[in-house]
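Trainee: mind looking at a prediction? Sequence and model below.
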Amino acid sequence: MTAIEIRNLTKSFGPVRAVDDVSFTVAAGTITGYLGPNGAGKTTTLRTLLGLVTPDSGRALVNGQPYAGLAHPLSEVGAVLEATNFHPGRSARDHLRVLCTAAGLAHRRADEALDTVGLTDVAAKRVHGFSLGMRQRLALAGALIGKPKVYILDEPANGLDPAGIQWLRGFMRHLAHEQGAAVLVSSHVLAEVEQTVDQVVIIARGRLVRQGSLDELVTNGDAAIRVRTGKPAELAAALERAGGRVERADGLLRVRGLDAEAVGQVALSERIVLTEVAQERSDLQQVFLELTEGES
């Protein structure tokens, strides 16, 4: 089921086209990474989704509705755009209780959310003394208040230490894969995104560059199958007879034109034992840089 829908979204600020005819969707039960260089239009897209920016054309919908049309927004959408929107004199618990009151939710949800993000021990402390990482966790707690099924997160790992980033990864996976939520996350930490997301949307200079599953993005259609065997010459000859293109280097074969299953079938028919069969992949950072080269 489509939870987030961006269709032909366009927004300009004066002469600057921040978002230019961008379209993509986010399905329930998935984590989608929204990536692009600084100034690519990511935050403008997210702010439009949340009704904070009015598009020039196109639409940005959550559960089939503009954000302003949602009857109970905090129970449908959890959002983190920045970790600075707190009254410095309020405690973490009081900040969340204000949100509960505004949304018509029981105040116990404040303590439940604080427990989920690991801030129970500092619930009574004023926010002005919080580190950036603690503010990020508090912002995430605010997103959890209404137990929504859609999450829009802009750079949620900013300020988190390695343990916090690991926690965030598990947190997002739990929301999407166990609770069936749709998670749209903008991030510049590509190595972390690669370990977390299911789908990727890349924009540059406001325009869509590429979208698809993470596997589709980092596995080129003509990517090599890496093969090791004790009989490389015999296997290479058999693979070439089967239509494969084989490169040899130090006992390692790189095969193009055949998928891993076909390589295995050839080896089986020739009674050749394989010690390794793997599809080579590019890492997300390499793909991202290739797709956005010259676009920052």
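Mentor: Perfect, I can see it now.
Trainee: for the residue nearest the centre of the chain, list each beta-bridge partner.
Mentor: Central residue of the chain (CA atoms, centre = their mean): Gly33, 2.3 Å from the mean position. With DSSP bridges applied, Gly33 shows beta-bridge pairing to Val185, Val200.
Trainee: residue contacts, it?
Mentor: Residues near Gly33 by CB atoms under 8 Å, 6 or more residues apart in numbering: 185-187, 193, 196-197, 199-201, 214. C-beta: built from backbone N, CA, C; applies to glycine.
Trainee: what's the farthest-apart pair in the residues you listed?
Mentor: Using CB to CB, the two most remote members of these are Ser186 and Leu214, lying 15.5 Å apart.
Trainee: ok, and the closest non-adjacent residue to Tyr133?
Mentor: No, residue 133 isn't Tyr; it's Gly. What sits nearest to Gly133 in space, not counting adjacent residues and going by CB to CB, 6 or more residues apart in numbering, is Gly159, at 4.4 Å.
Trainee: now for the one you found: which residues touch it?
Mentor: 83, 131-133, 135-136.
Trainee: phi, psi for the closest residue to Phe86 other than its chain neighbours please.
Mentor: Take Phe86 and drop its neighbours on the chain: the residue closest to it by CB to CB, 6+ apart is Val127, 4.4 Å away. As for Val127, its main-chain torsions (degrees, to the nearest 10) stand at phi -70, psi -30.
Trainee: strands along the chain, start to end?
Mentor: Here the chain has its strands, by DSSP state E, at 2-13, 16-27, 31-35, 57-62, 77-80, 150-154, 182-186, 199-204, 207-213, 225-229, 245-249, 252-256, 274-279.
Trainee: centre of the chain versus the first one, how much separation?
Mentor: For strand 2-13, the gap between its own C-alpha mean and the chain's C-alpha mean amounts to 17 Å (CA atoms, centre = their mean, to the nearest Å).
Trainee: tell me where this protein has helices.
Mentor: For the chain, applying DSSP state H gives helices covering 42-49, 73-76, 92-103, 108-116, 132-144, 162-173, 190-194, 214-218, 232-241, 260-269, 284-292.
Trainee: closest one to Asp20 among the ones you listed?
Mentor: Of the helices of the chain, nearest to Asp20 by CB to CB is helix 42-49, at 10.5 Å.
Trainee: ok, back up a step: dump the contacts of Gly33 to TSV, plus pLDDT and distance to Ala79.
Mentor: Listed next are those as TSV, based on pLDDT from 0 to 100; distance: CB to CB, whole Å:
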residue	pLDDT	distance to Ala79
Val185	95	11
Ser186	92	11
Ser187	82	15
Val193	81	19
Thr196	88	18
Val197	92	18
Gln199	92	19
Val200	91	20
Val201	93	17
Leu214	80	23
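Trainee: wait, which of these is closest to Val287?
Mentor: Nearest to Val287 out of the contacts of Gly33 is Val200 (CB to CB; 8.7 Å).
Trainee: count of residues packed around the closest one?
Mentor: Val200 sits with 26 neighbouring residues when counted by other CB atoms under 10 Å.
Trainee: repeat that for Phe86.
Mentor: By other CB under 10 Å, the residues close to Phe86 number 18.
Trainee: any idea how far it is from Arg226?
Mentor: Here the criterion is CB to CB, to the nearest Å. By it, Phe86 lies 50 Å from Arg226.
Trainee: ok, now Pro15?
Mentor: Counting by CB to CB - Pro15 and Arg226 are separated by 49 Å.
Trainee: so these two - more neighbours on which side?
Mentor: For Pro15 versus Arg226, the count of surrounding residues by other CB under 10 Å is larger for Arg226: 16 against 5.
Trainee: identify the residue spatially nearest to that one, adjacent ones excluded.
Mentor: Per CB to CB, 6+ apart, closest to Arg226 is Ala278, 4.8 Å.
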